[in-house]
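A.B. asks: show me how the following folds:
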Amino acid sequence: MSPTLFPVRAAMIGFGEVNTPMEFLTGRCHEAANALRKHGIDVLETPIVRDDPDGKLAADAIDALQGRDFDALVVCVAGWIPSWAVVKTIEPFKHKPILLWGLSGWYANGHFVTTADQAGTTALRHPLREMGFNLKYLVNFKDSPPRDDEAAAFIRVAAASRWLRQTVIGMCGYRDMRLYGTMYDGTALKGSIGPEVEHIDLLEIQGLAQAIPAAEIAAAASDLQKRWCFTRPPQPGTVENSVRLALAFQRKILERGYQAFSFCDVDGVKKLLQFAPAGAMTYLHDLVDIPTVPENDTYGAVTQLILRALTGITPAYLEFYEFTEKSAIMGVPDYVPASIVSGQVTVMPNAFGSFGEGLLNVSKLKTGSVTISRLARSGSRFVMHSVKGEATTPETWEEAGWAPPAPQLPSLEVTFEGKADDFVSQILGQHYILTYGNQQQLLAEYCRLNDIDWV
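C.D. replies: Model (predicted):
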């Protein structure tokens, strides 16, 4: 995860029974904390808590954490511990995600030694669930490496969940093309996941665009014509239109501190400004590193925010054009960020239908292992649909309607692990969010922690 996105902090309380030698508890708990630190996590350790009859050790641990800032609490069980001592200690932090982590024994003098760590954790798991703690249960396995990578992933997910509750999505316009799948329930979204959606009008963006000095626009346009590969010379004003709109979007994003952005494309920019905004959005991604998706796609933007919080990398969107029995051809009829481009950003001056000329991004995309995902609302529940796939460059194809010569849109053929029918039967919309690598473990953990159904 990018260290510049947000810090990741955990508090750790070690537990063990009062008759267990202290040296068997402190060193192993401290070793677990140091393992988490190697994953970039700031860990605040308290003294070990044991089941002293008056509960003073529990009170000391509580005092050590009161007023301290952390994303998750690690209950590090290093030996048998009566459950009451743990519950008494962690009750004040019930609002935090809890990692119940049982350690394992060791070899000494030619034989195995255990402090009955999992006697302690197994006595705790079900009662803590029944008491309403938001709990992940993890045990180290005998004769296997400690599972600090899984512990660290949970803490990172907790930090991501907390960060998302402070985010704001900028939304220019509403319900492009009168689509249903891009609408959202603002109260449910804020209450369950956290992002706020702030709506602005395209008229405000147009006003910002008109106020940008001509010299600034000319300088940026000249720079782009040197950095980008143009398949043919654009008409006068085409590059400038894209630059002007990108700079206006940038000004609003920075002014309001948006962490993601969507806009009214077909019924907004194309209809009212009379050019395709693909070049503007391609340039916008050079200016600000936030996720964007067109067509007022709120849940698409939220999916992007979730994946960015989990991975530290800004994801892109793709949409479906065709399916085979085992794959999907996914592309975009407009723009992609340079971060997923293979080679140089390439643009084609072109028009679609009745819209004026814009700069269509026709770059080739990076291939390899990918995860495609989408959040949606189903009844009273949020659901996340996510699959792994292998992305390759598709055969030459075109979308009908572009002025000839028709462009090769930025696209990938994503081959699923199973049949396409299995994926299609669960599909939630035309836009899915693309990340490279296998992100399903992190995403599934996020959904579990935030009570989102996984499909």
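A.B. asks: ok, which stretches of the stretch 151-300 of the chain are helices?
C.D. replies: 186-192, 202-210, 214-227, 238-256, 278-287, 298-311 (DSSP state H, counting those that start in this stretch).
A.B. asks: can you list the domains in this protein?
C.D. replies: As assigned by automatic domain parsing, the chain contains the domains 9-164, 168-454.
A.B. asks: how about CSV for the ones you listed, with mean neighbour count and mean pLDDT added?
C.D. replies: All C-beta spots, glycine's among them, are computed from the backbone N, C-alpha and C. Output for the domains of the chain, formatted as CSV (neighbours: other Cβ atoms under 10 Å; pLDDT from 0 to 100):
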stretch, mean neighbour count, mean pLDDT
domain 9-164, 18, 96
domain 168-454, 19, 94
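A.B. asks: circling back to that earlier point, take the helices of the stretch 151-300 of the chain and lay them out in JSON lines including distance to Arg156.
C.D. replies: Formatted as JSON lines, those follow (distance: least, Cβ to Cβ, whole Å):
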{"stretch": "helix 186-192", "distance to Arg156": "20"}
{"stretch": "helix 202-210", "distance to Arg156": "35"}
{"stretch": "helix 214-227", "distance to Arg156": "34"}
{"stretch": "helix 238-256", "distance to Arg156": "26"}
{"stretch": "helix 278-287", "distance to Arg156": "25"}
{"stretch": "helix 298-311", "distance to Arg156": "7"}
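A.B. asks: indicate which one of the ones you listed is closest to Asp42.
C.D. replies: helix 298-311 (17.1 Å; Cβ to Cβ).
A.B. asks: that closest one - contacts with which helices or strands?
C.D. replies: Under the contact criterion of 3 or more Cβ pairs under 8 Å, 6 or more residues apart in numbering; DSSP states H and E, helix 298-311 touches helix 148-164, strand 168-172, strand 260-263, strand 292-294, strand 368-378, strand 431-436, helix 440-449.
A.B. asks: redo the ones you listed as a markdown table? Include distance to Pro97.
C.D. replies: Output for the helices and strands packed on helix 298-311, formatted as a markdown table (distance: least, Cβ to Cβ, whole Å):
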| stretch | distance to Pro97 |
| --- | --- |
| helix 148-164 | 4 |
| strand 168-172 | 23 |
| strand 260-263 | 23 |
| strand 292-294 | 28 |
| strand 368-378 | 20 |
| strand 431-436 | 23 |
| helix 440-449 | 6 |
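A.B. asks: of those, which is nearest Glu413?
C.D. replies: When the helices and strands packed on helix 298-311 are compared by Cβ to Cβ, strand 368-378 sits nearest Glu413, at 10.8 Å.
A.B. asks: with just CA atoms, put the closest one into CSV.
C.D. replies: Written as CSV, here are the backbone C-alpha positions of strand 368-378 (Å, rounded to 0.1, in the frame of the first residue of the first chain):
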residue,chain,number,x,y,z
GLY,A,368,-1.3,-10.1,-17.2
SER,A,369,-3.2,-11.3,-14.2
VAL,A,370,-6.1,-9.0,-13.3
THR,A,371,-9.1,-8.7,-11.0
ILE,A,372,-12.3,-7.1,-12.2
SER,A,373,-14.9,-6.0,-9.6
ARG,A,374,-18.0,-4.0,-9.0
LEU,A,375,-20.1,-2.9,-6.1
ALA,A,376,-23.9,-2.6,-6.3
ARG,A,377,-27.0,-2.3,-4.2
SER,A,378,-29.3,-5.4,-4.1
